[in-house]
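Trainee: Sequence and predicted structure are below.
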Amino acid sequence: MSEVNTGNLEGKVALITGAGRGLGREEAIQLASQGARVVINDINRPDAEQAAHDTVDEIKAAGGEAIAVFGDCAEPADADNLMKVALETYGDINIMINNAGYCRDKTIFGMSDDEFDSVVRVHLRGHFINMRNVAAYWRGKAKAGEQVYGRMISTASEAAIFGSVGQPNYSAAKAGIVAMTMGTAQLMIRYGIPCNVIMPRASTDMTMQGPTAAMFAPPEEGFHAFDPANVAPLVGYLASPEAGHIAGEVFVVWGNQVNRLKRPEFGEAHINPEGQQKWSLNGLHSSLESEFGEGYTPVLDGFSVPPQ
């Protein structure tokens, strides 16, 4: 088996939203270490701007290339500007990593319209606008007969699968990201551009507050399984030439583990014993009770992290 060239992204240009801190920062540093020129996007807020500048400085100090572009990833004008600056500065875009997000946690009983809409806006709409812009750019190049190197990586969460009692907004947004990326993957593979999803478990601004803070806190000693740096190598790999054949996949990544999420499949079909006709209530009860009778667990008890 051949080895991966650690400089396999030399000359490529990567856009990463929410890249001043946490996962985005580690992903930016990873891609820069592989030779990519990195465009770091974060919100135009003093703390975020400082964090982004610090990440740029760290990349440059290590001999890499990076710039910071500030703006709201879910605002069309700001997303357009992100692409404009990237193209003016580096001449191309090859890798799009959507990472930006935030939380406003409450149960379904008490969540306001704004608390729902604002989280969905940043996560789902933020992914959509930047995916659309970059996908259209790559398709335009391909239709013009140009060779295109493109990679798209979306950031979801296991909350998209299991739900999260205190995060109906976040869970819905992340489920939407998975579905949108799978559809986009089916389209973009026609142009040789793979799109994939990661579901990271990591200590970030979002997980280090509220009830999850203790779970994701670093240990007093030893390996920190939830260090966001542990997620970055998978992103670097999916962005690389070696992973160009991997598309439409979802990966759960944390610590020293990468798990490919199996594609959904149907369970055994229940067939109406009365033949080609509409089910009766008694018929449904008789058939389904065999599957949902004694021993059936009615609902998963939320998202839980296995012991380290």
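Mentor: Now that the structure is in, tell me what you want to look at.
Trainee: for the strand or helix carrying Val69, packing partners?
Mentor: Counting by DSSP states H and E, the element that carries Val69 is strand 65-70. Applying 3 or more Cβ pairs under 8 Å, 6 or more residues apart in numbering; DSSP states H and E, one finds that strand 65-70 contacts helix 22-33, strand 37-42, helix 46-61, helix 76-90. For every residue, glycine as well, the C-beta is placed using N, CA and C.
Trainee: Out of those, which one sits most buried?
Mentor: strand 37-42 (a mean of 28; mean count of other Cβ atoms under 10 Å).
Trainee: Pull up the pairing partners for it, direction included.
Mentor: Using DSSP bridges, the strands paired with strand 37-42 in its sheet are strand 13-16 (parallel), strand 65-70 (parallel).
Trainee: re earlier: can I get the helices and strands packed on strand 65-70 in JSON lines with distance to Val148?
Mentor: Formatted as JSON lines, those follow (distance: least, Cβ to Cβ, whole Å):
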{"stretch": "helix 22-33", "distance to Val148": "18"}
{"stretch": "strand 37-42", "distance to Val148": "17"}
{"stretch": "helix 46-61", "distance to Val148": "25"}
{"stretch": "helix 76-90", "distance to Val148": "14"}
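Trainee: Could you tell me which residues within the longest helix that the chain contains count as buried?
Mentor: Secondary structure of the chain per DSSP state H: the longest helix is helix 168-188. With burial defined by 16 or more other Cβ atoms under 10 Å, the residues of helix 168-188 counted as buried are 168-178, 180-182, 184-185, 188.
Trainee: And for Phe251, nearest residue in space, chain neighbours not counted?
Mentor: Ile198 (5.2 Å; Cβ to Cβ, 6 or more residues apart in numbering).
Trainee: Kindly report the same for Tyr137.
Mentor: Ile93 (6.2 Å).
Trainee: Could you list everything the residue nearest to Phe251 pairs with in the sheet?
Mentor: Thr155, Phe251.
Trainee: Can you check the pLDDT for it?
Mentor: As predicted, Ile198 sits at a pLDDT of 97.
Trainee: Contacts only, for it.
Mentor: 153-156, 231, 234-235, 238, 250-253 (Cβ atoms under 8 Å, 6 or more residues apart in numbering).
Trainee: Now for the nearest residue to Ala172 once chain neighbours are set aside, how many residues are close by?
Mentor: Distances taken as Cβ to Cβ, 6+ apart place Val120 nearest to Ala172, at 6.4 Å, with adjacent residues excluded. For Val120, the neighbour count with other Cβ atoms under 10 Å is 18.
Trainee: What about Thr6, how many residues nearby?
Mentor: For Thr6, using other Cβ under 10 Å, the count is 12.
Trainee: three-state assignment of it?
Mentor: Secondary structure for Thr6, judged by DSSP: H, G, I helix; E, B strand; the rest coil, is coil.
Trainee: Tell me, how many residues neighbour the nearest residue to it once chain neighbours are set aside?
Mentor: Closest residue in space to Thr6, ignoring its immediate chain neighbours: Gln34 at 6.3 Å, by Cβ to Cβ, 6+ apart. Residues contacting Gln34 under the criterion other Cβ under 10 Å number 21.
Trainee: got a list of what Gln34 touches?
Mentor: Listed by Cβ under 8 Å, 6+ apart, the contact partners of Gln34 are 6-10, 236, 239-240.
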